[in-house]
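Peer 1: Requesting a structural model of the entry that follows:
(chains A and B)
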Amino acid sequence: MTDNPSPSEPLSYAGALLETMRGALASNPHSIIMGQGVDDFKGTFGTTLGLADEFGAERVMDMPLAEEGMTGIALGATLNGLYPITTHIRADFAFLATNQIINLIAKYKYMFGGLFEVPMLIRAVVGRSWGQGAQHSQSPQSQFAHVPGLTVIMPADSQSILDMYPYIVENYRGPVISIEHRLLYDLEFNVERGDPNRLENPLTSRLIREGSDVTIVATSIMVLEARRAAEHLAKTASIECEIIDLNSPSHPDADLILSSVRKTGRLVVADTSWRPYGVAAEICRMVCENDPSALQAPAVSLGMAPAPCPTAKSLEDAYYPNLTDLTDGIARLVVGREQHGVPLADETSMRDVYKSFKGPF
Amino acid sequence: MSGDEDYKRMFHQALRIRLVEERIIDLYPSDRIQSPVHLSIGQEGAAVGVCNGLRDTDLLFGSYRGHAYYLAKGGDLKSFFAELFGRATGMAGGKAGSMHLAAPDVGFQGCSAVVASSIPHAVGAALAARRLGKDQRIVAVFGDGATEEGVFHESLNFAALHDLPVVFVCENNGYAVHAALSARQAYSISKLPAVYGIPYTRIEEGADFVAVDKEFTTAVADTTGPKFIEIMTYRSKEHVGVADDFHAGYRTDVEFRDWQAKDPLVQDTALVEEYQPAIEGEISEAVNFAETSPLPAPEDLLADVI
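Peer 2: Numbering: from 1, shown residues only, chains lettered A, B, ... in the order given. Prediction:
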């Protein structure tokens, strides 16, 4: 939060994940972490590193290659008193667990008339760049947020992780799917520790930046892109962007989004996945159903190209929306014409971040 | 003598389950039960025998063919019929119907209509039981067709890998929907547990609840690791619904008559005569309770989603 004067300190996204994973094990003796490689020398990209040594192999369990089995085991474990955290080192692998997630976990409370609760956390990591390709790059927020009974979150920075994960593990009685982004793992963000209970409901949307000209609703790494676009446009064209981190695709703060669109009259949705039937479509539905006259211009949306993800760098660069696309889309919307005359952002600024990411993971 | 008492008690339970389901058959044409039903008629002995030695604190996970286990585990009969009738007093307030029965107060932890999907839940519950030091037996009940699903194998592997105290109970009625197992399975179910190093017991006479109870109890006496028990049984009605389907051509009524010859609920007519009136009275009371219970309130539609 840019306007908050309280002292802050830098913390990487992966550091926040490790801190909250350790916190989950330390604060609740019934919590366990299950996933492929959670106890190995890489420790889920550093986010479970050392925890098996610290808390024991029975609480930080490597799992066989059996996503449905693992997720069903997690459901049975929570029904009998444990708090399971499962991990998928690529979100694509969570599709193997969709029978348990969609047919069982999402319905276990409702289908039995409230006889059971199934608190648990499922972590799924989205991959991007360095040739991740068609099956290591998908971002399944719309698939899961579509299903009643699931709470889907997408932390966009370290603060969001600190605000949400301890709350989920300690207070939340339902199943949560967290879609993390691998490219954010090594980035540092300023965090404020303060009162952990300062947010009434951390599992909803967050106002990231105030502005008067356009509302950007963004998810995950697109929040970071939106911040960069907003800084560029403020500096070069005095365009003031209001940024809302959607944060929870399943439980967005409709009031926050609608009041922002009413104020700015313009809407850009920037998501990490495909646009049809996704976050972009859903936010547009929200505005159309509630207050279509709030829009002074047609909405703009950005997402992955409507194709599976290619591996060649040249094609991949065209596949994802970049800072140039975002600043161009915003400038066209605010100025109101194609030839808007606003200098586009130097896209290498973001590429530098992606370049620092070296594979294979 | 206690052996006779055990027989009578279990006979009563099995007969009660059969009469409940026969009442469902009677009621079905009236359309007052608007829920697909997968009847257990013919398979009651397996449920009664397995549940006889289980305590309320022992957990059992079932499938869409769940009436027999719900009742054998101790689920309430009134809220059972109210659930089938879609009433607010049903065990799930009218949201479960026949396929998603549960009674956590007696350790019946839910039924899934997706074949094999509740098997890993028992494995996870066993993981929790060991971790939390709970003195519990954990049982997964599934049909022969479930062994074709990947998650069945995933569950056995994990249970064996971690030596979890879970009992896998496979009810083998010889058919997955309308296909004989020989047309679907290149393997023998009896040989699968050994692949994972899990002790296997085959109970040949599934209708004989006394034998099921005895052999099950022996098989699970050692509580240190997973056990696999296959119970040979027979489903007398169609896969889903209340009709006979011997005319459909995939099986004959010869095997049905062979099974009836071994079914105590058919053979022991004296005990049927003794118990039937009181059980019918209890069932009528439960049906009446269901019929006179209120429908769910409109606001229940969105209750308990999250």
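
Peer 1: Only C-alpha atoms from now on, for both contacts and neighbour counts.
Peer 2: OK.

Peer 1: So in that sheet, which strands flank the helix or strand bottoming out on mean pLDDT in chain B, and in what orientation?
Peer 2: Using mean pLDDT, DSSP states H and E, strand B:175-176 stands out as the lowest-scoring helix or strand of chain B, at a mean of 76. Partners of strand B:175-176 in the sheet, by DSSP bridges, are strand B:179-180 (antiparallel).

Peer 1: okay, and for chain A, where does confidence drop off?
Peer 2: A:1-6, A:347-361 (pLDDT under 70).

Peer 1: Mind naming the longest helix for it?
Peer 2: In chain A, with assignment by DSSP state H, the single longest helix is helix A:221-237.

Peer 1: can you list contacts of the helix or strand A:C288 falls within?
Peer 2: Using DSSP states H and E, A:C288 sits in helix A:279-290. For helix A:279-290, the surrounding residues in contact (Cα atoms under 8 Å, 6 or more residues apart in numbering or on different chains) are A:141-142, A:249, A:254, A:258, A:269-271, A:275, A:294, A:299, A:301-302.

Peer 1: what sits against the spatially most central residue of chain A?
Peer 2: Note on chain A: the residue nearest the mean C-alpha position is A:M154, at 1.9 Å, using Cα atoms, centre = their mean. Each residue near A:M154 by Cα under 8 Å, 6+ apart is listed here: A:S178, A:I179, A:E180, A:T219, A:S220, A:N247, A:S248, A:P249.

Peer 1: which one of those has the most neighbours?
Peer 2: Taking other Cα atoms under 10 Å in any protein chain shown to define a neighbour, the member of the contacts of A:M154 with the most is A:N247, carrying 30 neighbours.

Peer 1: Any chance of the backbone angles for it?
Peer 2: phi 60, psi -50 (degrees, to the nearest 10).

Peer 1: what does the stretch 1-150 of chain A have sitting close to chain B?
Peer 2: A:30, A:58, A:64, A:66, A:68-70, A:72-82, A:99-100, A:103-104, A:107, A:109-115, A:148-150 (Cα under 8 Å from any Cα of the partner chain).

Peer 1: Which of these fall in strands?
Peer 2: Using DSSP state E, no member of the residues of the stretch 1-150 of chain A next to chain B falls within strands.

Peer 1: Please report the distance of the residue nearest to the centre of chain A from A:P29.
Peer 2: 26 Å (Cα to Cα, to the nearest Å).

Peer 1: Likewise for B:A125?
Peer 2: Distance of B:A125 to A:P29, given as Cα to Cα: 16 Å.

Peer 1: Could you check which of those two is surrounded by more residues?
Peer 2: B:A125 (33 against 13).

Peer 1: Widest-spaced pair of the contacts of helix A:279-290?
Peer 2: Greatest spacing in the contacts of helix A:279-290, by Cα to Cα: A:Q141 and A:A294 (26.4 Å).

Peer 1: Between those two, tell me which one has more neighbours.
Peer 2: Applying other Cα under 10 Å to A:Q141 and A:A294 shows that A:Q141 carries more neighbours, namely 24 against 19.

Peer 1: list the contacts for B:T89?
Peer 2: Applying Cα under 8 Å, 6+ apart to B:T89 gives the contacts B:S79, B:A82, B:E83, B:A290, B:S293, B:P294.

Peer 1: Write the PyMOL selection for whichever of those are buried.
Peer 2: In PyMOL syntax, the buried subset of those is picked out as below (16 or more other Cα atoms under 10 Å in any protein chain shown):
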select buried, chain B and resi 79+82+83+290+293
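
Peer 1: now, among the contacts of B:T89, which is nearest to chain A?
Peer 2: Of all the contacts of B:T89, chain A sits closest to B:E83, with 10.3 Å by Cα to the nearest Cα.

Peer 1: My guess is the closest one contacts B:M99. True?
Peer 2: No - using Cα atoms under 8 Å, B:E83 makes no contact with B:M99, being 10.3 Å away.

Peer 1: Mind putting the contacts of B:T89 into a markdown table with pLDDT?
Peer 2: A markdown table is the format used below for the contacts of B:T89 (pLDDT from 0 to 100):
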| residue | pLDDT |
| --- | --- |
| B:S79 | 98 |
| B:A82 | 98 |
| B:E83 | 97 |
| B:A290 | 98 |
| B:S293 | 98 |
| B:P294 | 98 |
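
Peer 1: sorry, back to before: roughly how far apart are the residue nearest to the centre of chain A and A:R59?
Peer 2: From A:M154 over to A:R59 the distance is 25 Å, taken as Cα to Cα.

Peer 1: go on, A:D92?
Peer 2: According to Cα to Cα, A:D92 and A:R59 sit 25 Å apart.

Peer 1: what's the next secondary structure element after the helix or strand containing B:D4?
Peer 2: Following DSSP H and E, one finds B:D4 within helix B:2-27. Later in the chain than helix B:2-27, the nearest helix or strand by DSSP H and E is helix B:44-52.

Peer 1: what's in contact with that next one?
Peer 2: Contacts of helix B:44-52 (Cα under 8 Å, 6+ apart): B:10, B:13-14, B:17-18, B:68-69, B:72-73, B:171, B:206-214, B:216, B:231, B:233.

Peer 1: Can you list the residue ranges for strands in the chain?
Peer 2: Picked chain A for this. Secondary structure of chain A (DSSP E): strands located at A:9-12, A:31-35, A:60-62, A:83-88, A:120-126, A:151-153, A:175-181, A:188-191, A:206-209, A:214-218, A:241-245, A:267-270, A:300-302.

Peer 1: That was the other one, I meant chain B.
Peer 2: Shown for chain B, the strands assigned by DSSP E span residues B:59-63, B:108-112, B:138-143, B:166-172, B:175-176, B:179-180, B:200-203, B:227-232.

Peer 1: Out of those, which is the most enclosed?
Peer 2: The highest mean neighbour count among those, using mean count of other Cα atoms under 10 Å in any protein chain shown, belongs to strand B:59-63: a mean of 28.

Peer 1: ok and that one relative to strand B:166-172, angle-wise?
Peer 2: 30 degrees (axes from the mean of the first three to the mean of the last three Cα atoms, to 10 degrees).
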